[in-house]
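# I'll drop the sequence and a predicted model, then ask my questions.
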Amino acid sequence: MQVLRGIALINAVVLVSEVSDLTYFANPRQLMAYFDIVPRERSTDLAVRRGGITKTGNAHVRRGRVEDA
């Protein structure tokens, strides 16, 4: 789990405890999308803007991400 971008030891423990079966996800991108830990982005032809953490996704995972930051 720690090879995913932005995931340290504590967050990895939280993620594993929230999902009972990791084989449900075909690749890490699906897992990150499930937990909503992909960055929010607004982009145009000229600029790319990345936003902060959103209120969607799993509340326990979001709280762990905030504590980790």
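That came through fine. Residues are numbered from 1 along each chain as shown.

# For this structure, which segments count as strands?
For the chain, applying DSSP state E gives strands covering 41-43, 48-50.

# Nearest to Ile10, out of the ones you listed?
strand 48-50 (23.1 Å; CB to CB). C-beta here means a position set from N, CA and C on the backbone, and glycine is covered the same way.

# Distance from the chain centre to the closest one, please.
17 Å (CA atoms, centre = their mean, to the nearest Å).

# which other helices and strands contact it?
strand 41-43 (3 or more CB pairs under 8 Å, 6 or more residues apart in numbering; DSSP states H and E).

# buried residues in stretch 11-25?
By neighbour count with 16 or more other CB atoms under 10 Å, stretch 11-25 contains the buried residues 11, 14-15, 19.

# Dump the C-alpha coordinates for that stretch into PDB.
Backbone C-alpha positions of stretch 11-25 (Å, rounded to 0.1, in the frame of the first residue of the first chain) are rendered in PDB as follows:
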ATOM      1  CA  ASN A  11      -2.600   5.600   6.100                       C
ATOM      2  CA  ALA A  12      -1.800   2.100   4.700                       C
ATOM      3  CA  VAL A  13      -3.100   0.600   7.900                       C
ATOM      4  CA  VAL A  14      -6.300   2.600   7.700                       C
ATOM      5  CA  LEU A  15      -6.800   1.600   4.000                       C
ATOM      6  CA  VAL A  16      -6.300  -2.100   4.700                       C
ATOM      7  CA  SER A  17      -8.700  -2.000   7.600                       C
ATOM      8  CA  GLU A  18     -11.400  -0.300   5.500                       C
ATOM      9  CA  VAL A  19     -11.300  -2.800   2.700                       C
ATOM     10  CA  SER A  20     -11.800  -6.500   3.400                       C
ATOM     11  CA  ASP A  21     -10.700  -7.900   0.100                       C
ATOM     12  CA  LEU A  22      -8.000  -6.100  -2.000                       C
ATOM     13  CA  THR A  23      -8.500  -8.500  -4.900                       C
ATOM     14  CA  TYR A  24     -11.700  -6.700  -5.700                       C
ATOM     15  CA  PHE A  25      -9.600  -4.000  -7.400                       C
END
